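> structure, please.
(6 chains)
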Number of protein chains: 6
Amino acid sequence: MKDKTEKNETLTHLDANGNPSMVDVGEKNITTRTAKAQSIVEFPIDVANTIRNQDNATKKGSIFQTAIIAGIMGTKKTSELIPLCHPLPLDKCNIEIEWINYTEVRIISTAKVTSKTGVEMEALTGASVAALTIYDMCKALSQDINIKETKLFHKSGGKTDFNR
Amino acid sequence: MKDKTEKNETLTHLDANGNPSMVDVGEKNITTRTAKAQSIVEFPIDVANTIRNQDNATKKGSIFQTAIIAGIMGTKKTSELIPLCHPLPLDKCNIEIEWINYTEVRIISTAKVTSKTGVEMEALTGASVAALTIYDMCKALSQDINIKETKLFHKSGGKTDFNR
Amino acid sequence: MKDKTEKNETLTHLDANGNPSMVDVGEKNITTRTAKAQSIVEFPIDVANTIRNQDNATKKGSIFQTAIIAGIMGTKKTSELIPLCHPLPLDKCNIEIEWINYTEVRIISTAKVTSKTGVEMEALTGASVAALTIYDMCKALSQDINIKETKLFHKSGGKTDFNR
Amino acid sequence: MKDKTEKNETLTHLDANGNPSMVDVGEKNITTRTAKAQSIVEFPIDVANTIRNQDNATKKGSIFQTAIIAGIMGTKKTSELIPLCHPLPLDKCNIEIEWINYTEVRIISTAKVTSKTGVEMEALTGASVAALTIYDMCKALSQDINIKETKLFHKSGGKTDFNR
Amino acid sequence: MKDKTEKNETLTHLDANGNPSMVDVGEKNITTRTAKAQSIVEFPIDVANTIRNQDNATKKGSIFQTAIIAGIMGTKKTSELIPLCHPLPLDKCNIEIEWINYTEVRIISTAKVTSKTGVEMEALTGASVAALTIYDMCKALSQDINIKETKLFHKSGGKTDFNR
Amino acid sequence: MKDKTEKNETLTHLDANGNPSMVDVGEKNITTRTAKAQSIVEFPIDVANTIRNQDNATKKGSIFQTAIIAGIMGTKKTSELIPLCHPLPLDKCNIEIEWINYTEVRIISTAKVTSKTGVEMEALTGASVAALTIYDMCKALSQDINIKETKLFHKSGGKTDFNR
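Prediction:
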């Protein structure tokens, strides 16, 4: 019994009966909250070659630009996608993409809000949608693209700050 | 010049000017197409303990059930999220979640359609949204949850079948 | 055991493990399918007076016209709202609203598709959204409006026809 | 003339020309506002038997859990569905479902916001979407399921409190 | 070099690398902001005749009422449609439509918010969606309908007021 | 009387009572249908200078690329935005943007489907959303940007072909 109570306290998204339930943020403080998340997309070497050559030829970086737009729009859809997320009036969200070695790009997704609850899920959703978009635009080249290490690496403005 | 032409042929989502462009599927055959993708969610051991205990106590499996629903609904939103995906009348999509070791769950996402184009992105999007939902429901417990290995492992009904 | 199997056969939206799952319609026949559903909105007499007077004064019928538009747009959102509904390319949907006595209006919602699966949920969702819209536009007048008897009354084109 | 003015004052969602118009809430006070609404879903006795047996067998309560998730997500979509509703940053919404006799379940939908306008429509929409989801998951068993008595039963934080 | 810096300062929606980026409004003041935009729809004379006759016959003004509803709902979708727009909790939005000469209607779209950023795009999007809806409802009559002069004509509450 | 009947036949989106109603396309032929529409965005000369300089400096064309993505995604949202449009499984949609003189760009939006009904509204909606996106990205520079001449210029695959 005691055990069950403890569990329900920590699994904040379940109610006393174990059913899914949105957290009530009504009494929480309004602060400026920021979160940063990443996804890493790993390409087979041939795919990396093709993307890098195309980018050099046209300077447009269309694959990454499309992913940036999709990631930003995906960030704004977080509360539509994740059942227990609150709809939030974001102050800003953005996506940056950089090569971290010859075959891997890192997507950095930032979300910021002045609100009662944090934006970790917004940052993570933005990174995931940007990663999926890169996958989509390159999938004709290979079935071995891998989206790896989608995780949070910075959070501020809530009860505890966090930096990886 | 020749080089550039080749690149534009393989990067199917860019037009002759290097701008993003949806592939024309008008002339492709209507076939039954299936895709299966996965995401793996890795928990710190304390989080794994809590989820497993909660599930044993209530039998409800609410976290996974919520993720299943979110993943199915996310699959149906693929063409809204991924800019160059076609809207498709899915025959079926579903999500299964299983523990593959003490601290990791594997999400298996299946999408099926009778259409002119495949459903890899639908399967991948469903897996990602289910993974993000699990993350959301457990994020109060830890900032070290990691979504890893989102990738395709089965595809049939298109030009070439694929199985990992 | 036998019992459980039977149950899972009839509760078509649960898989063998009791988890929610979309029905696979891949092998079903493409036919013209129609469904009709209704909702009845019951007003306190003062509210009925006000709506009827307003309508007589302006001839515009703005409350009902707004509800018709909202119902049609809601019908098109069915697969976004109901987790296990298939996205369907509707041939038509429409909403009619009529007074059935001094204080009650009946919303009739029709959906039609040429597809592998039926449109009951589309018709029911359209009726519900139209009813909620009428409620919204009159709610400043009373807290006693009641949406009652949302149900199916016609279905054709599937395995068995149905008429109430 | 006087008559017409009065009518337009009470039918708050119509402008001076009788056209639909969103209420301006710009000058209203920001308060914590809560609303509770219900829908009752009435099953034929055979359907009630099947749901109750399935639930006893698996403990999962998947039908109700799916409806809870759909209802929460539907609540968040209120301003997309109901033309003249304001988009609101909800503090919380949730859905509870309980058997009130052998053949009827009551869905209780709660919405809460700190804002300039109330959340009656959010609570009502959440209840309706949860009810439609239960209908969907059981519709293969019968065409006689009925959604009845969708209505408001509690409201606080606005000009006048209300409790049924 | 200096030149480039200047350009990036003015093109506020591009970051230092020239990639699209949402403006950070976190530090801006919360004020009441209003914007008004218009679209003009120009009909061939036969189409104007038909609309005017139909409207005279039924008093319903269904084409304009449908456009009003669509415009309001479109206004609320602005941040979903325009990649770098912030999601905003609108205080009000509305659409008015008037004949400005025998063959042209003017759509006036107003949006109002108490927020850190303005609502020009909301007003413009509402006008555009209303115009497209009028087009849709009349397109069977002619392929020569033209949507012209979608532009801003009033803005207040931000750094500088504006009136055309 | 006769007159009224004629009008309702031509205004295809109104029913016999003058209420808005979706056209039933159930009996129409499935053909390959294409539509092309345009919007022209007219900039003040200073804005044209800034865009042209930025584009020369970075080669990225980020404003137009963002508009292309937004236009494609907007095209896919047509049936969500325009109340009486059918949801359609598009074969392709795309957006091209070109300078037609020093201060004006022309957006060309193409939509293609194999279906029972045409895609004029899809093409027009895509052009409008792309135009609004360009407006958004340049609006900090001037309040005098104008979206003009949104119109259809090609249609094929339906009852009658059309080319401007």
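> OK, contacts around the closest residue to residue A:155 other than its chain neighbours?
Taking Cβ to Cβ, 6 or more residues apart in numbering or on different chains, and ignoring the residues beside it in sequence, residue A:155 has residue A:162 as its nearest neighbour in space, at 4.2 Å. In this view, the C-beta of every residue, glycine as well, is placed from N, C-alpha and C. Each residue near residue A:162 by Cβ atoms under 8 Å, 6 or more residues apart in numbering or on different chains is listed here: A:152, A:154-156, B:143.
> got the residues of chain A near chain E?
A:32, A:61, A:64-65, A:68-69, A:72-73, A:76-77, A:87-94, A:96, A:112, A:114 (Cβ under 8 Å from any Cβ of the partner chain).
> could you pick out which of the contacts of residue A:162 are located in strands?
Taking DSSP state E, the ones among the contacts of residue A:162 that sit in strands are A:152, A:154-156.
> so which of the contacts of residue A:162 is surrounded by the most neighbours?
Neighbour counts for those peak at residue A:152, which has 25 neighbours (criterion: other Cβ atoms under 10 Å in any protein chain shown).
> how near is the nearest residue to that residue once chain neighbours are set aside to residue A:127?
Excluding the flanking residues, the one nearest residue A:152 by Cβ to Cβ, 6+ apart is residue A:37, at 5.0 Å. Residue A:37 sits 5 Å away from residue A:127, taking Cβ to Cβ, to the nearest Å as the criterion.
> more neighbours: which of these two?
residue A:127 (34 against 28).
> what's the pLDDT at the more buried one?
As predicted, residue A:127 sits at a pLDDT of 98.
> quick check: residues of chain A near chain F?
Residues of chain A lying near chain F (Cβ under 8 Å from any Cβ): A:58-62, A:65-66, A:69-70, A:73.
> before we move on, the earlier item: any residues in contact with both of residue A:37 and residue A:127?
A:108-109, A:150.
> show me the helices in chain A, by range?
Along chain A, counting by DSSP state H, helices occupy A:2-10, A:45-58, A:62-76, A:78-81, A:120-138.
> is residue A:81 in contact with residue B:74, as I believe?
Yes. The pair residue A:81 / residue B:74 is scored as a contact, 5.6 Å apart, by Cβ atoms under 8 Å.
> of these two, which one has the most company?
residue B:74 (29 against 26).
> how much space between residue A:111 and residue A:123?
4 Å.
> if I pick the nearest residue to residue A:141 once chain neighbours are set aside, what's in contact with it?
Nearest-residue entry for residue A:141: residue A:47, 4.7 Å, with adjacent residues in sequence omitted and distances by Cβ to Cβ, 6+ apart. Residue A:47 makes contact with A:103, A:138, A:141-142, A:145 under the criterion Cβ under 8 Å, 6+ apart.
> just those residues now: which is nearest residue A:26?
residue A:145 (42.7 Å; Cβ to Cβ).
> quick one: the closest one and chain D, what's the gap?
Going from residue A:145 to chain D by Cβ to the nearest Cβ, to the nearest Å gives 30 Å.
> also residue A:85?
9 Å.
> my read: that residue touches residue B:135, true?
No. Contact criterion Cβ under 8 Å: residue A:85 and residue B:135 do not qualify, at 10.9 Å.
> give me the common contacts of the two.
Common neighbours of residue A:85 and residue B:135 (Cβ under 8 Å, 6+ apart) are residue A:121.
> any stretches of chain A with poor pLDDT?
A:1-9 (pLDDT under 70).
> and the residue of it nearest chain F?
residue A:59 (3.6 Å; Cβ to the nearest Cβ).
> neighbours of that residue, how many?
13.
> before we move on, what about residue A:100?
Quick note: residue A:100 (other Cβ under 10 Å) scores 11 neighbours.
> how about the contacts made by the nearest residue in space to it that is not next to it in sequence?
Of all residues beyond its chain neighbours, the one nearest residue A:100 is residue A:106 (4.7 Å), with distances taken as Cβ to Cβ, 6+ apart. For residue A:106, the contact set (Cβ under 8 Å, 6+ apart) comprises A:38-40, A:97-100.
> contact partners for residue A:134?
Each residue near residue A:134 by Cβ under 8 Å, 6+ apart is listed here: A:41, A:63-64, A:67, A:97, A:105, A:107, A:145.
> top of the residues you listed by neighbour count?
Busiest of the contacts of residue A:134 [other Cβ under 10 Å] is residue A:67, holding 30 neighbours.
> for chain E, see how far away that residue is.
In terms of Cβ to the nearest Cβ, residue A:67 sits 10 Å off from chain E.
> on that earlier part again, possible to save the contacts of residue A:134 as a markdown table with distance to residue A:27?
Listed next are those as a markdown table, based on distance: Cβ to Cβ, whole Å:
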| residue | distance to residue A:27 |
| --- | --- |
| A:41 | 40 |
| A:63 | 45 |
| A:64 | 41 |
| A:67 | 38 |
| A:97 | 38 |
| A:105 | 41 |
| A:107 | 35 |
| A:145 | 44 |
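> which among these are in contact with chain B?
A:63, A:145.
> which one of the contacts of residue A:134 sits closest to residue B:14?
So of the contacts of residue A:134, ranked by how close each gets to residue B:14 (Cβ to Cβ), first place is residue A:63, at 7.6 Å.
> I'd say the closest one and residue A:138 touch.
Yes. The pair residue A:63 and residue A:138 passes the contact test of Cβ under 8 Å, sitting 7.0 Å apart.
> and stretch A:93-105, what's buried?
Within stretch A:93-105, the residues that qualify as buried are A:93-97, A:103-105, counting by 16 or more other Cβ atoms under 10 Å in any protein chain shown.
> quick revisit: now the ones in strands among the contacts of residue A:162 in a markdown table, with distance to residue B:23?
Shown next, in a markdown table, are those (distance: Cβ to Cβ, whole Å):
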| residue | distance to residue B:23 |
| --- | --- |
| A:152 | 34 |
| A:154 | 37 |
| A:155 | 39 |
| A:156 | 42 |
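> which one of those residues is nearest residue C:26?
For the ones in strands among the contacts of residue A:162, the nearest to residue C:26 is residue A:152 (38.8 Å; Cβ to Cβ).
> that closest one: what's it in contact with?
Residue A:152 makes contact with A:35-37, A:120, A:123-124, A:162, A:164, B:143 under the criterion Cβ under 8 Å, 6+ apart.
> and of these, the nearest to residue B:54?
So of those, ranked by how close each gets to residue B:54 (Cβ to Cβ), first place is residue B:143, at 19.5 Å.
> so that closest one touches residue A:155, yeah?
Yes. If you go by Cβ under 8 Å, residue B:143 and residue A:155 touch, sitting 6.9 Å apart.
> interface residues of chain A facing chain C?
So chain A never meets chain C (Cβ under 8 Å from any Cβ).
> chain neighbours aside, what residue packs nearest to the residue with the shortest distance to the centre of chain A?
A centroid search over chain A (Cα atoms, centre = their mean) returns residue A:124, at 1.8 Å, as the residue closest to the centre. Nearest residue to residue A:124, sequence neighbours excluded (Cβ to Cβ, 6+ apart): residue A:37, at 4.4 Å.
> cool, residue A:95 as well?
residue A:71 (3.8 Å).
> pretty sure residue A:42 contacts residue A:145?
Yes. Residue A:42 lies in contact with residue A:145 (Cβ under 8 Å); the separation is 7.1 Å.
> any idea how far the residue nearest to residue A:124 is from residue D:120?
The value you get for residue A:37 to residue D:120, if Cβ to Cβ is used, is 36 Å.
> for residue A:14, same thing?
27 Å.
> have a look at the two and say which one is more surrounded.
More neighbours surround residue D:120 than the other of residue A:14 and residue D:120, with 25 against 22 (other Cβ under 10 Å).
> can you verify my assumption that that one contacts residue C:142?
No. Using Cβ under 8 Å, residue D:120 makes no contact with residue C:142, being 11.5 Å away.
> so what's in contact with these two at the same time?
Counting by Cβ under 8 Å, 6+ apart, residue D:120 and residue C:142 have no shared contacts at all.
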